[in-house]
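Student: Whatever this is, show me its structure:
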Amino acid sequence: MAKNQDQIKESVNTQQRYGVFLDAWKRKEGYKGSMSFGKKANIEYLLRDYYDNGVRKQKVLGQRSPETEKVLADYLAGREDAEQRLKAAQANVARQAGINRALGLGRVPAIGAKIIRAVDKAGLLGKGVKVIGTNAMFAYEAITEVYFPQSVTSTEDIDMMFDARAKIRFASADETTAPTIIGLLQQVDRSFIRAPNRFSANNNDGYIVDLVRPQINPPWKDLPSSISNNSDDLEAIQIGGLSWHENAPSFEAVAIDTRGEPVRIVAPDPRAFAVHKHWLSKQPDRRPDKRARDRCQAALVAAMVAQHMPHLPFDPDQMKSFPRKVVEDAAHLFAASADPADQFSF
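Tutor: Numbers count the residues shown, from 1 in each chain. Just a heads-up that it's a prediction; the model follows:
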């Protein structure tokens, strides 16, 4: 389905306003904690208090002087300005969400979008964690003039790929406790619990979050399975073929959820998505219904790349993270002339 001109215009406006919001939010985060003068051994010092992974820390910035008084004044003024700019940006995003709802721009399931935003605010999105699977398709369509058929994007789960090689700095809304993925999910919905398999979490509505990672090679290589290293947290399950995604370029876009609110998604390059899905569709140990969906999604994403993403030409030399035969087997998908908005009907 093609977007109309109003939808295209407001999609661009959403991306711009959300970009301003994210910049304002990051600036405000820089003022977390506090700054004040305090006495140590009867001498006044400028102190900066903050939390690091749930541990309260304090940094001494110098004895009281005209210079440190200016540092404090600048800090307080900057924090006030950051708060006001964030409030203005939030108001703009809220107004934009109303416009988006009226135009029917919402695509990403609300619960999935909330989870992705929480991961983003924790400093993990694109820095050790990517959105893979069906939810990645919302990022691809966000920058084009067409939508994928809803029948191939409907989903009741979300897959998060953990890159254990990344140096992760995990932030939390609650500065006083060490953050965990399950704690992050429970901030979104209190009913989330870890499943017995340890790599999944589900809520009362049956929405599932899976934490996955590539198979370790060699198998004895020591890499963490948990983002937080907390024994009660989710532990990523190893999945074959994901190392190709891990080493492929990332793709970032701002999509819109069903409430009209923007969400930044960091996913694998759409060319890598299509190649990987095509490979999955040929795996004999995969369920037939999943293979059929994989095959359809691969064809649709490849057609979208060919027709609507001229800046991403399909070049096997740019897909070096995949085995060459896997890339060659999928090459015909990118030569398709049909538009992804019309290629399939269900």
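Student: Could you list the buried residues of the helix or strand where residue 244 lies?
Tutor: Following DSSP states H and E, one finds residue 244 within helix 242-247. Within helix 242-247, the residues that count as buried by 16 or more other C-beta atoms under 10 Å are 242-246. Placement of C-beta: from N, CA and C, glycine included.
Student: so which of the residues you listed comes closest to residue 74?
Tutor: Among the buried residues of helix 242-247, residue 246 lies closest to residue 74 (C-beta to C-beta), at 42.1 Å.
Student: quick one: contacts for the closest residue in space to residue 136 that isn't next to it in sequence?
Tutor: Closest residue in space to residue 136, ignoring its immediate chain neighbours: residue 267 at 3.5 Å, by C-beta to C-beta, 6 or more residues apart in numbering. Counting by C-beta atoms under 8 Å, 6 or more residues apart in numbering, residue 267 touches 130-132, 135-136, 139-140, 250-252, 273.
Student: model confidence over the one helix or strand residue 267 maps to, on average?
Tutor: Element membership for residue 267, per DSSP H and E: strand 262-268. Computed over strand 262-268, the mean pLDDT rounds to 96.
Student: same deal with stretch 86-93?
Tutor: Mean predicted lDDT for stretch 86-93 stands at 97.
Student: Just the buried ones from the contacts of residue 267, in PyMOL syntax?
Tutor: Typed into PyMOL, the line below selects the buried ones among those, using 16+ other C-beta under 10 Å:
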select buried, resi 130+131+132+135+136+139+140+251+273
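Student: Would you confirm that residue 334 belongs to a strand?
Tutor: No. Counting by DSSP: H, G, I helix; E, B strand; the rest coil, residue 334 is not found in a strand; it is helix.
Student: ok, how many other residues are close to it?
Tutor: Residue 334: 20 surrounding residues under other C-beta atoms under 10 Å.
Student: My guess is it contacts residue 305. True?
Tutor: Yes. Counting by C-beta atoms under 8 Å, residue 305 is a contact partner of residue 334 at 6.2 Å.
Student: between the two, what contacts are shared?
Tutor: Jointly contacting residue 334 and residue 305 under the rule C-beta under 8 Å, 6+ apart are 271, 274, 314.
Student: The second one contacts residue 294, correct?
Tutor: No. The pair residue 274 / residue 294 is not scored as a contact, 10.2 Å apart, by C-beta under 8 Å.
Student: Of these two, which one has the most company?
Tutor: More crowded of residue 274 and residue 294, by other C-beta under 10 Å: residue 274, with 26 against 20.
Student: Now do the same for the more buried one: helix, strand or coil?
Tutor: helix.
Student: any idea how the protein splits into domains?
Tutor: 26-100, 106-335 (automatic domain parsing).
Student: can you redo those domains as JSON lines with distance to residue 12?
Tutor: Converted to JSON lines, those look like this (distance: least, C-beta to C-beta, whole Å):
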{"stretch": "domain 26-100", "distance to residue 12": "11"}
{"stretch": "domain 106-335", "distance to residue 12": "10"}
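Student: and residue 186, how many neighbours?
Tutor: Neighbour count of residue 186, defined by other C-beta under 10 Å: 16.
Student: Please name the residues that touch the residue of the chain positioned farthest from its centre.
Tutor: Taking C-alpha atoms, centre = their mean, the residue of the chain most remote from its mean C-alpha position is residue 42, at 48.6 Å. By C-beta under 8 Å, 6+ apart, no residues touch residue 42.
Student: Give me the pLDDT value at residue 215.
Tutor: pLDDT, read off for residue 215, is 84.
Student: Now it: closest residue in space that isn't a chain neighbour?
Tutor: Per C-beta to C-beta, 6+ apart, closest to residue 215 is residue 238, 4.6 Å.
Student: Ramachandran angles for the one you found?
Tutor: Main-chain torsions, residue 238, degrees, to the nearest 10: phi -80, psi 130.
Student: Tell me how far it lies from residue 27.
Tutor: Residue 238 sits 38 Å away from residue 27, taking C-beta to C-beta, to the nearest Å as the criterion.
Student: Equivalent analysis for residue 96, please.
Tutor: Relative to residue 27, and taking C-beta to C-beta, residue 96 is found at 20 Å.
Student: Which one of those two is surrounded by more residues?
Tutor: Applying other C-beta under 10 Å to residue 96 and residue 27 shows that residue 96 carries more neighbours, namely 23 against 17.
Student: Which element, helix or strand, includes that one?
Tutor: helix 66-103.
Student: After that helix, which helix or strand is next?
Tutor: Helix 66-103 is succeeded, C-terminally, by helix 110-121 (DSSP H and E).
Student: can you pull the buried residues of that following helix?
Tutor: 111-121.
Student: residue boundaries of the strands in the stretch 201-346 of the chain?
Tutor: For the stretch 201-346 of the chain, applying DSSP state E, counting those that start in this stretch gives strands covering 208-214, 237-239, 250-256, 262-268.
Student: what pairs with the shortest one, and is each one parallel or antiparallel?
Tutor: For strand 237-239, sheet partners with direction are given as strand 208-214 (parallel), following DSSP bridges.
Student: Run the chain-centre distance for the partner strand.
Tutor: With C-alpha atoms, centre = their mean, to the nearest Å as the basis, strand 208-214 stands 13 Å off its chain's centre.
Student: Number of residues surrounding residue 196?
Tutor: Neighbours of residue 196 (other C-beta under 10 Å): 6.
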